[in-house]
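[1] sequence? don't have it. structure:
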């Protein structure tokens, strides 16, 4: 009589996760461009260093802008100097018009001259403000706090307002975004499992995301799932999940490829069996051999969900209490009697496939 090692099926509580590829993106990014034309007198930062919001980065020659400001102020002063005399003249003509000492035309001319002078004052005030703003633009400052890259210009370069090539680019890397595409098929499957109550969100923080770096190491800090995009990319059939991760040590750099471990939910009634207990028929369909109550071998057709560590998550085909043959399947076939021994889980090899979910203690 062949001897086989069996494992008794029992329901367990499993935290299901999905591992998806993603890429990092800066939290904030600012391309520095001049807002006025001029000559770069001095670059005031070190390439690759951290800069603060409001820190001066470049000094554009301020002389022409200072001259324009002085000219506008002088024109404003001239306009304001003419205003009192025109105001007094208009007042006198108004009083004389009541006594019919001047004509209506004379009063209208004086009043129009006063309004013209008032408009000139407002115009030159605006010119002064414009000149003052342009003088301020001669100091190119950082709009955000972050790390600045290389400079595209050196001292003495001529720049133009809003030129297409930025002077430099600043990126805020702490925190940092991770964008993860998820297929609409996977999204619909997850929603169906939730609807069918095969998984639930109780006891899990759905917004927490873990990260696996390119070299296979796990990033020590958890991220937070910020949102799921509402538009599907028609070329890939995916939606974007965006997570934000703390990055105090600058380990994550923009453009890195990573693996994001996203929590789906908890399966309270999961059935897990060792991977070596799953066989395949000629068509590739998964099978399992069990020992029935009479001690004979019976074949079951399985529906599998995913691999979890060194086990398979079984959707259907097994029930609690079934005794699945984990070792010795090559020596048996359906209908023969076998001798059972308990499956020794400790004898498994140390190297295990990458886990796609986490096991918790068995549920009662």
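    It's in. Nothing here was measured: the structure is a model prediction, and the numbers come from that model. Residues are numbered from 1 along each chain as shown.

[2] buried residues, stretch 212-232. List them.
    Using 16 or more other CB atoms under 10 Å as the test for burial, stretch 212-232 gives 212, 219, 223, 225. C-beta here means a position set from N, CA and C on the backbone, and glycine is covered the same way.

[3] now swap in stretch 140-148 and tell me
    Residues of stretch 140-148 classed as buried: 140, 141, 142, 144, 145, 146, 147, 148 (neighbour count, 16+ other CB under 10 Å).

[4] what's the answer for stretch 47-58, then?
    50, 51, 57, 58.

[5] show the end-to-end separation of that stretch, please.
    12 Å (CA to CA, to the nearest Å).

[6] contacts for that stretch next, please.
    Stretch 47-58 has contacts (CB atoms under 8 Å, 6 or more residues apart in numbering) with 32, 34, 40, 42-45, 139-151, 153, 167-168, 170.

[7] ok, back up a step: how about the buried residues of stretch 212-232 in CSV, adding distance to residue 2 and pLDDT?
    CSV is the format used below for these (distance: CB to CB, whole Å; pLDDT from 0 to 100):
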residue, distance to residue 2, pLDDT
212, 42, 92
219, 48, 93
223, 51, 89
225, 51, 82
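
[8] filter those down to the ones in helices?
    Among the buried residues of stretch 212-232, no member falls in helices (DSSP state H).

[9] from those, which is closest to residue 181?
    Distance to residue 181, by CB to CB, is smallest for residue 225 among those, at 13.9 Å.

[10] low-confidence ranges, the stretch 251-364 of the chain, go.
    Applying pLDDT under 70 to the stretch 251-364 of the chain flags the ranges 345-364.

[11] just the pLDDT for residue 186.
    Residue 186 carries a pLDDT value of 73.

[12] which element is it on?
    Using DSSP states H and E, residue 186 sits in helix 184-195.

[13] close enough to count as contact, residue 144 and residue 32?
    No. Using CB atoms under 8 Å, residue 144 makes no contact with residue 32, being 10.1 Å away.

[14] residues shared between the contacts of those two?
    Common contacts of residue 144 and residue 32 (CB under 8 Å, 6+ apart): residue 170.

[15] all helices for the stretch 1-150 of the chain, in order.
    63-98, 104-137 (DSSP state H, counting those that start in this stretch).

[16] where does residue 155 land in three-state SS?
    What DSSP: H, G, I helix; E, B strand; the rest coil gives for residue 155 is coil.

[17] that one: neighbour count?
    Residue 155: 12 surrounding residues under other CB atoms under 10 Å.

[18] likewise for residue 235?
    Neighbours around residue 235, by other CB under 10 Å: 6.

[19] that one belongs to a helix?
    No. According to three-state DSSP, the state of residue 235 is coil, so it is not within a helix.

[20] what's around residue 318, how many residues?
    Residue 318 is flanked by 19 other residues according to other CB under 10 Å.

[21] isn't residue 310 up against residue 278?
    No. The pair residue 310 and residue 278 does not pass the contact test of CB under 8 Å, sitting 11.3 Å apart.

[22] which of these two has more neighbours?
    residue 278 (20 against 16).

[23] got the phi/psi numbers for the nearest residue to residue 280 once chain neighbours are set aside?
    Nearest residue to residue 280, sequence neighbours excluded (CB to CB, 6 or more residues apart in numbering): residue 286, at 6.3 Å. Main-chain torsions, residue 286, degrees, to the nearest 10: phi -70, psi 140.

[24] repeat for the one 10 residues further on
    Per-residue torsions, residue 296: phi -100, psi 160 (degrees, to the nearest 10).
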